Structure formats: C-alpha cells, structure tokens
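Colleague: All I have is the shape, not the residue letters:
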C-alpha cells in the first residue's frame with residue numbers, strides 16, 4: 001500500500017488508524033507526499049519552533065520506503081491531469097502524482113483525501129482505501 005499525505009497525518013494524529021488497516025508490510029510513501037509532509041513540519045519548526053513535530057516526521061520518513069517519482073509517473077500523471085481538466089475537475093498536482101505512482105506500481109493508495117475519488121473517475125485502475 002502507498003500512503004498519501006493525508007493518511008500519514010491521520011496516522012501521526014492517531015496511531016490506531018494504522019491498526020484499522022490490518023497487516024501493513026511496509027509504509028511506502030511517494031516522494032511528492034514525503035515532500036508535503038516534511039515541508040509542513042519544517043515550516044512549523046521554523047515559524048513556531050516546533051521541534052518535536054519535525055522529529056516525529058523525520059523519524060517516520062527515515063523508516064518508511066520513499067518511492068521516487070519516475071518518468072513513467074510523470075507521463076501517467078499528465079494524462080490523468082488532462083482527463084480531469086477536460087471534465088472540468090481539478091485536483092492538486094501532488095495527489096495526481098501520487099495516484100500515478102500507485103497506478104504504475106499496481107498498489108492501493110491509502111488516503112483520507114476525497115480528491116483521490118475524483119481521480120478514480122478518470123482512472124478506473126486506481127485502487128483506494130479511504131480512511
């Protein structure tokens with residue numbers, strides 16, 4: 001399973017969320033989601049001195065498998081974005097890129113973000129677990 005930023009935030013807020021998913025072999029995170037999570041923690045650290053939040057996020061990212069964005073993900077994401085745009089739908093680029101990575105790998109996306117259901121409207125092969 002691939003975890004998007006909203007799922008990771010839900011897990012960090014309440015560890016029991018992960019238990020509800022059952023057996024999870026590894027926490028796999030698309031690099032774009034790792035960026036979103038880390039930039040928020042760094043911002044809190046810089047703007048409010050929130051060192052604990054940064055430490056927790058860094059620990060999570062160091063233990064997780066970070067999946068790099070590949071050229072094929074960029075191509076898939078571009079087609080997804082174009083299909084969404086042609087239907088008058090808009091989804092944040094990081095979600096489109098995370099979905100593309102999951103499609104390439106044939107893995108489910110774990111998310112608490114309903115934008116992935118919008119993406120699924122143009123990508124029937126996208127498998128989702130909504131928290």
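Modeller: Received it, and whenever you're ready, just let me know what you need. Model, not experiment: these values are computed from the prediction.
Colleague: Can you check the pLDDT for the nearest residue to residue 7 once chain neighbours are set aside?
Modeller: Nearest non-adjacent residue to residue 7, counting by Cβ to Cβ, 6 or more residues apart in numbering: residue 110, 4.4 Å away. All C-beta spots, glycine's among them, are computed from the backbone N, C-alpha and C. With respect to pLDDT, residue 110 scores 97.
Colleague: in what helix or strand does residue 110 lie?
Modeller: Per DSSP states H and E: residue 110 is located in strand 108-111.
Colleague: List the buried residues of that strand.
Modeller: Of the residues in strand 108-111, 109, 110, 111 count as buried by neighbour count, 16 or more other Cβ atoms under 10 Å.
Colleague: Show the contacting residues for residue 70.
Modeller: 101, 104 (Cβ atoms under 8 Å, 6 or more residues apart in numbering).
Colleague: ok, now the one 10 residues further on?
Modeller: For residue 80, the contacting residues are 96, 99, 100, 119, 122, 123, by Cβ under 8 Å, 6+ apart.
Colleague: Take those residues and keep only those in strands.
Modeller: Nothing among the contacts of residue 80 maps onto strands, per DSSP state E.
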